[in-house]
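A.B. asks: model the structure of this input:
(2 chains)
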Amino acid sequence: MLVSIFIVLGFSEWYFFIWACTAFFTKTVIVPWVLLKTAKKTKMYFEEPPLVSSILSVIIMIIAIGIGFEITRGFHADWFYIPFSVSITLFLIGLILLSSRRNALKQILGLCHFENGSHLTLAVLAPGLTETIEIGILTDAVACIIICCLLAKIMYDVLGTLDVSKLKLLKY
Amino acid sequence: MYEILPFLINAIPALAGLFIVIFRKRRLAEGITILCMTLLLLLSIYSMIVVCDSVTLFFFEQNLFIDSFSAWMLFIIALISLLAAIYSLGYISHEYDEGKLSKNKLILYYSLFNFFVFTMNLLVTSNDIFLMWIAVEATTLSSAFLVGIYKTKENIEAAWKYAILCTTGIAFGLYGTVLMYSTAYENKLENPLLWTYIFENVGKISSNSFLLRLTFALLLVGYGTKAGLAPFHTWLPDAHSEAPSPISALFSGVLIECAMYTIMRYYAIFIRTDAFSFVKNILLLVGLASIVIAVFSMVVTKDLKRLLAFSSVENMGIVVVSLGFGGMLGIFAAAYHLLNHSIVKSMLFLCAGNILISYKTRTLERIKALKKRMPITAILLIVGCLAIIGTPPFCIFFSEFMVIMAGVLSALWIPLLIFISGISVMAVVVLWHGITIVFDDSDEQIEKDEVPSLYWITILILGILALVFGFYLPYPLQDTLNNIVELIWGA
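C.D. replies: Here you go, the predicted structure:
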């Protein structure tokens, strides 16, 4: 989705085509490969029941979409209204996934949504950013996902589960 | 010739980390780390002397720079990193001999140590506001495996929380950075990416007040998470307590100070905008919340390192309250407290490392009779406790006193009262635990089990610095501190 948004934006500003290419390689190729590899190594075939039921999750996501478009309503006349709304929505969806999912890999997926949202906001609100900075931020995001996947694998090796609700050892 | 300094200060630890990974030899790793940190300390002092006359060194199209504030932070990073590296020689060797760390883990430790220092140096030498954000994120990524290096259940929990919470928090910082850039870009600033350009041309920024407030709020959430400010601090006690003690010293003594540095950089911009009163109020609120929450947590905690970690939350609250009180004295006290806290807290965490080696536990109830079992560590611990609670003539007394004076000058009596109450309760808690650990003993015969001198010599150096910096800041530290106030507050 992010790649397609960048391609569409590329027809108004050419540098979005570069963003589309980098987003394709990182978020369509590298990140899914890392996640799938981690899922195979941790034998994650079934997700632990989330803290919020499926129906309630859908309702919350719909509210998040509404909030995302409402927040950016002031920019209605500007060309970036739709992608900006989508970026805020993605950010909120990522936050919801991070807080409602018990499975570590699902939390990492939430982190991916989160990062996609902030990446799209960056593209829309920060024109003229040098490619080096854009690549730097993207690399940071991908490195973060990789490190979280490695930590998830270690969690599985040590705890035998990816259920983060079991992480309750550190208290007062 | 000086212009290469920003590059060197970043390149040296990065290359050191790389060499350690390539050659994978234990003694070489230790030697490279010590050499690298020594070089960095010398370079940081040299940088401080060069920029003392309000000179700024730029490199790489002004994306990297060193001014007085950067030089101040580089000195703190280099000093604590060198002492933590020397302490690591004994501590990590002990962990290796006990079988808690394999040779691969040992190599990983030293390489990540150097990369971690590189990311912190990059943070404080970044002039590009997005590069600053990248560096903050990179500090999390480079240190996550240092937290989880032992691969125990508690370790992994701490590392996971650290990675997820800090990444989530820092993402808000990215939104703040984007808004800052966007505001500067809309106002047609020549180079809206660079902090120096935004700072020098902040008068040209006309933006609606709501947007400026939102920008600072997002920046505070983002970098405040990394600085361990409440209520975003929940990762801090876990990560600081579970990491190896030299890394805990780096976390509490350097990392959170670097995040606070970023907040102060943006404070310097917002001090010149219409949103400044909002900025001061929100900083006061967050700072006092940090102090109060930390103090309550310190009362109930049963773990020595968690106690020290909560004290770090409290001390970052002190820095933020000082900025909230504002004025030249508030800014001076904030910058001065960064140095003082880094020295004293590192000292305490390294003491905790010694205690952990001997007692093999961090549980406060089980650590008793330290004066009989480890007399030298006991003395150093008591000195550290007296220093952290602000006893004269240690350095923290002077910075906390300046914060109180800044509060009096600002005439914010209720926040000042909460502040004084908070630090008083903290003092009682820390002193009580310190006295119990050191002097509380039973009639049983206790065998002396002091650690070798390599473990306590660095703590002794920190103790001496805590005493000396209380009443004498040698050139160029004093001038640098004055330059920081002039930079942020104005001439």
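
A.B. asks: contacts for stretch A:62-69 next, please.
C.D. replies: Residues outside stretch A:62-69 that contact it (Cβ atoms under 8 Å, 6 or more residues apart in numbering or on different chains) are A:85, A:86, A:87, A:88, A:89, A:90, A:91, A:92, A:93, A:96. (Each C-beta comes from the backbone N, C-alpha and C, glycine too.)

A.B. asks: for that stretch, what is the distance to the chain centroid?
C.D. replies: Here the centre of stretch A:62-69 is set off from its chain's centre by 16 Å, with Cα atoms, centre = their mean, to the nearest Å.

A.B. asks: try stretch B:224-241
C.D. replies: Distance, stretch centre to chain centre, for stretch B:224-241: 12 Å (Cα atoms, centre = their mean).

A.B. asks: and that stretch, what's buried?
C.D. replies: B:224-230, B:232-233, B:235-241 (16 or more other Cβ atoms under 10 Å in any protein chain shown).

A.B. asks: can you tell me which of those are up against chain A?
C.D. replies: B:237, B:238, B:241 (Cβ under 8 Å from any Cβ of the partner chain).

A.B. asks: any low-confidence regions in chain B?
C.D. replies: Counting by pLDDT under 70, chain B shows low-confidence ranges at B:206-207, B:442-445, B:491.

A.B. asks: can you give me the strands for it?
C.D. replies: Assigned by DSSP state E, the strands in chain B fall at B:57-59, B:64-66.

A.B. asks: OK, contacts around residue B:123?
C.D. replies: Residues in contact with residue B:123 (Cβ under 8 Å, 6+ apart) are B:132, B:135, B:136, B:139, B:258, B:261, B:262.

A.B. asks: measure it to residue B:261 for me?
C.D. replies: 7 Å (Cβ to Cβ, to the nearest Å).

A.B. asks: go on, residue B:436?
C.D. replies: Computed with Cβ to Cβ, the distance linking residue B:436 and residue B:261 is 35 Å.

A.B. asks: and these two? Which one has more around it.
C.D. replies: Taking other Cβ atoms under 10 Å in any protein chain shown, residue B:436 and residue B:261 do not tie; residue B:261 has more neighbours (23 against 14).

A.B. asks: quick one: the more buried one from residue B:226, how far?
C.D. replies: 11 Å.

A.B. asks: do the same with residue B:490
C.D. replies: 27 Å.

A.B. asks: how about residue B:346?
C.D. replies: Residue B:346 is 18 Å from residue B:226, where distance means Cβ to Cβ.

A.B. asks: which phi and psi values does the closest residue to residue B:359 other than its chain neighbours adopt?
C.D. replies: Closest residue to residue B:359 apart from its sequence neighbours, by Cβ to Cβ, 6 or more residues apart in numbering or on different chains: residue B:367 at 5.3 Å. Taking degrees, to the nearest 10, you get phi -100, psi 100 for the backbone angles of residue B:367.

A.B. asks: ok, residue B:367 to residue B:354 distance?
C.D. replies: Distance from residue B:367 to residue B:354, by Cβ to Cβ: 11 Å.

A.B. asks: got a list of what the nearest residue to residue A:42 once chain neighbours are set aside touches?
C.D. replies: Counting by Cβ to Cβ, 6+ apart, residue A:156 is the residue found nearest to residue A:42 once chain neighbours are left out, at 4.2 Å. By Cβ under 8 Å, 6+ apart, residue A:156 lies in contact with A:41, A:42, A:162.

A.B. asks: wait, isn't the last one in contact with residue A:105?
C.D. replies: To tie it back to what came earlier, the one meant is residue A:162. Yes - using Cβ atoms under 8 Å, residue A:162 makes contact with residue A:105 at a distance of 6.1 Å.

A.B. asks: who touches both of those two?
C.D. replies: A:42, A:44, A:152.

A.B. asks: which bits of chain A sit near chain B?
C.D. replies: Residues of chain A lying near chain B (Cβ under 8 Å from any Cβ): A:91, A:95, A:98, A:104, A:107, A:111, A:114-115, A:118, A:121-122, A:125-130, A:133, A:136-137, A:140, A:143-144, A:147-148, A:150-152, A:154-155, A:157-159, A:164, A:167, A:169-170, A:172.
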